[in-house]
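Undergrad: 3D model of this:
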Amino acid sequence: MNESSDQSQAADRVVPKLADSPLPSAGTGHDAHARDAAAIAPLVPVQSAGAQFLTVFPPIMLPMFLAVADQTIVATALPAIASSLGDIERASWVVVSYLIANTIAAPVYGRLGDTFGRRLMMFVALGIFMAGSVLCALAPSILTLTAFRVVQGFGGGGLMTLSQALIGEAIPPRERGRYQGYLAGIAVSSNTFGPVAGGYLTQAFGWQSIFLINIPLGLLAVFFVFRIPPRQGDRRRTMFDAPGLVLFIFFVGPVILALEQVQRMELSTLPLALGLLAFGLVSLGLLSWQERITTSPLIPPRLFRQPSIWRADAMAACHGAALVSLITFLPIYLRAVRGASPAETGLILLPLTAGIGIGSMFTGQMVTRTGCTAVFPTYGLMAATIGLVAIAFIAPLMSPTQLAWSFCVIALFMGTVMGVVQVTVQAVSGPRLLGTGAAMVQFSRSVGAAVGTASVAAILFSILSATDRSTASLFGSIIEQGPDVLASLAPARQAAVHAQIGEAFRAAFLTVAAFTGMGTVLAWTLPLRRL
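TA: Okay, here's the model as predicted:
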């Protein structure tokens, strides 16, 4: 696991030389803790725990809340937006464009935050986000709204990345787990809040209000960010890797668009999806070459030579794939197989979202108290994998209440991951590359989520099509119109359709379990196991 080599490198280093080192070695957990604490000790004034919480948490919490809620609040308003602006077939662009811009922005803000200071870049990100929100509210068509969502996404990506990095900048290493747990709770709460707020605001004030609500909240966030003590970045890293950014855009954009095409499961979209994927992979190869030869890389290759970092990032990708796939396809399962109404679906999903938040906060507290890190996702993901495999086979025998609480338990165990990933990457990256490290975690999770949902969709629809093409067609009608479309079929045919869809979802749940299983292996082999 390269831990011994990390330890020997750490033993040769002297703490005062940290600022001149290109990248601190992972070392043991205690070495990483000591180096990081020594690096930030002169910068952090001594405060009580309560005063530190009130100073640091509000300016980090509100930007994160804005960025995450905006991803879900718009999805609820899409029907109203399409009805008002037309071009309903292009409505999905409003969501996809934000996701692409958000993913591209993450490493850019991480790099600029390391250079110019994360507080300054947070102001920039908030300004872009609010400007994009106003432009979105004024958009006269779907095409212009899509363009303005790109602007908003460039701000939102900074809010998420910088919020994570500011935890590492302002909080001592041992305390970061607790704050990462709080932040995960905020992310889950905003995910839950988004659809509810989106529906209410759209119905009461029109779809423009879902964007305009960001202005007062953004101004409040600006006020809170002023309370963060300003800190200088590493001005020696003023060169920016423009070719690397272009190649990164050429990689992220086509790959996400290709995955979005794959989820439609239409044969006519396959050539376009394969072409986009090939273009993206070629760009990735050129990006890897560019980052090795440039003196100021956007994504420093040496970060990924650290076993703790690349394993943690891969674990974040697996976690994103599993969690987002579950949240995306569980409502479809409840609708198509169980015949649940939207209200019933929301009630069943509530324990799942609550479980993620509670698990994240509990894990954060335990990391702070014990200093242990990798042990929590190791056993948490193992338990989640066992639970998902069991759900795949016994879900038809469970009542809706039993199903809801089963997913709550699974979510509790899945909540052990992201806080540990962040504190691990921050400890190994060191103060100079905190922003870049946090950005790569966010990027890995976003790409994992996109790949995961596309993979589950491909398996689900492929099995349905291979079993019975008429069932695959009925499945689409059930999702759009509800289970009542089966009423005209003979009872025997209805039972056959339900059985075939249930078998396809069994494969989908097993695919999600495969993601958590891969995450278990990565957590088990993570070198940095204690802070």
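Undergrad: which secondary element of the chain has the worst mean pLDDT?
TA: helix 3-11 (a mean of 40; mean pLDDT, DSSP states H and E).
Undergrad: Looking at this structure, which helix is longest?
TA: helix 49-85 (DSSP state H).
Undergrad: Report the next helix or strand after it in sequence order.
TA: helix 92-116 (DSSP states H and E).
Undergrad: Heading C-terminal from that next one, find the next helix or strand.
TA: Criterion used, DSSP H and E; the element after helix 92-116 is helix 118-137.
Undergrad: So Gly280 versus Ala101, what's the distance?
TA: 16 Å (CB to CB, to the nearest Å). All C-beta atoms are positioned from the backbone trio N, CA, C, and that covers glycine.
Undergrad: likewise Pro59?
TA: For Pro59, the distance to Ala101 - CB to CB - is 23 Å.
Undergrad: Once you drop chain neighbours, what's closest to Pro377?
TA: Computed as CB to CB, 6 or more residues apart in numbering, the closest residue to Pro377 that is not its neighbour in sequence is Ala523, at 4.1 Å.
Undergrad: helix, strand or coil for the one you found?
TA: At Ala523, secondary structure determined by DSSP: H, G, I helix; E, B strand; the rest coil is helix.
Undergrad: so who does Ala513 touch?
TA: 322, 385, 388-389, 392 (CB atoms under 8 Å, 6 or more residues apart in numbering).
Undergrad: Of those residues, which belong to strands?
TA: Of the contacts of Ala513, none are assigned to strands by DSSP state E.
Undergrad: any chance of the residues you listed in a markdown table, plus distance to Ala492?
TA: Below are the contacts of Ala513 laid out as a markdown table (distance: CB to CB, whole Å):
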| residue | distance to Ala492 |
| --- | --- |
| Ala322 | 36 |
| Thr385 | 36 |
| Leu388 | 31 |
| Val389 | 30 |
| Ala392 | 25 |
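Undergrad: mind listing what the nearest residue to Leu272 once chain neighbours are set aside touches?
TA: Distances taken as CB to CB, 6+ apart put Gln261 closest to Leu272, at 5.8 Å, once the chain neighbours are dropped. Counting by CB under 8 Å, 6+ apart, Gln261 makes contact with 269-270, 272-273, 276.
Undergrad: Just the buried ones from those, in ChimeraX syntax?
TA: Restricted to buried positions by 16 or more other CB atoms under 10 Å, the ChimeraX selection for the contacts of Gln261 reads:
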select :269,273,276
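Undergrad: hmm, back to that, Gly280 and Ala101: who's more crowded?
TA: Ala101 (22 against 19; other CB atoms under 10 Å).
Undergrad: Quick check: buried residues in the longest helix of the chain?
TA: 52-53, 55-78, 80-82, 85.
Undergrad: Same check on stretch 516-526?
TA: Buried, per 16+ other CB under 10 Å, within stretch 516-526: 516-524, 526.
Undergrad: Can you report how many residues lie near the closest residue to Leu522 other than its chain neighbours?
TA: Sequence neighbours aside, Met315 is the residue nearest to Leu522 in space, at 4.3 Å (criterion: CB to CB, 6+ apart). Counted with other CB under 10 Å, the neighbours of Met315 add up to 31.
Undergrad: closest to Ser92 among the contacts of Gln261?
TA: Distance to Ser92, by CB to CB, is smallest for Thr269 among the contacts of Gln261, at 12.6 Å.
Undergrad: What's the per-residue pLDDT of that closest one here?
TA: Thr269 carries a pLDDT score of 73 in this model.
Undergrad: do the same with Met265
TA: Looking at Met265, the pLDDT reads 59.
Undergrad: just Ser189 next, same as before
TA: 70.
Undergrad: was I right about it contacting Gly357?
TA: Yes - Ser189 lies in contact with Gly357 (CB atoms under 8 Å); the separation is 6.4 Å.
Undergrad: Ala75 contacts Val95, doesn't it?
TA: Yes - counting by CB under 8 Å, Val95 is a contact partner of Ala75 at 6.0 Å.
Undergrad: Low-confidence stretches in the protein?
TA: 1-55, 76, 87-91, 191-192, 232-238, 262-267, 342-343, 476, 478-487 (pLDDT under 70).
Undergrad: Make sure I have this right: Phe515 is in a helix.
TA: Yes - applying three-state DSSP, one finds Phe515 inside a helix.
Undergrad: which ones are touching it?
TA: Contacts of Phe515 by CB under 8 Å, 6+ apart are 318-319, 321-322, 325, 448, 452.
Undergrad: Could you dump those residues into JSON lines with secondary structure and distance to Trp207 added?
TA: JSON lines is the format used below for those (DSSP: H, G, I helix; E, B strand; the rest coil; distance: CB to CB, whole Å):
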{"residue": "Cys318", "secondary structure": "helix", "distance to Trp207": "35"}
{"residue": "His319", "secondary structure": "helix", "distance to Trp207": "32"}
{"residue": "Ala321", "secondary structure": "helix", "distance to Trp207": "31"}
{"residue": "Ala322", "secondary structure": "helix", "distance to Trp207": "32"}
{"residue": "Ser325", "secondary structure": "helix", "distance to Trp207": "28"}
{"residue": "Gly448", "secondary structure": "helix", "distance to Trp207": "30"}
{"residue": "Gly452", "secondary structure": "helix", "distance to Trp207": "29"}
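Undergrad: List only buried entries from those.
TA: Looks like these have 318-319, 321-322, 325, 448, 452 buried, using 16+ other CB under 10 Å.
Undergrad: where do the helices sit along the stretch 251-400 of the chain?
TA: For the stretch 251-400 of the chain, applying DSSP state H, counting those that start in this stretch gives helices covering 270-293, 307-336, 342-370, 375-394, 400-414.
Undergrad: of all the contacts of Gln261, which two lie farthest apart?
TA: That would be Leu270 and Leu276, which, of these, are the farthest apart (CB to CB) at 10.9 Å.
Undergrad: Could I get the buried residue list for the helix or strand where Ser444 lies?
TA: Assessed by DSSP H and E, Ser444 sits inside helix 434-467. Buried positions in helix 434-467, judged by neighbour count with 16+ other CB under 10 Å: 434-457, 459-461, 463-465, 467.
Undergrad: now do stretch 216-225
TA: 217-218, 221-222, 224-225.
Undergrad: Now do the same contact list for the closest residue in space to Val409 that isn't next to it in sequence.
TA: Nearest residue to Val409 in three dimensions, chain neighbours excluded: Gly387, at 6.4 Å (CB to CB, 6+ apart). Gly387 makes contact with 406, 409-410, 413 under the criterion CB under 8 Å, 6+ apart.
Undergrad: Sweet, I'm off.
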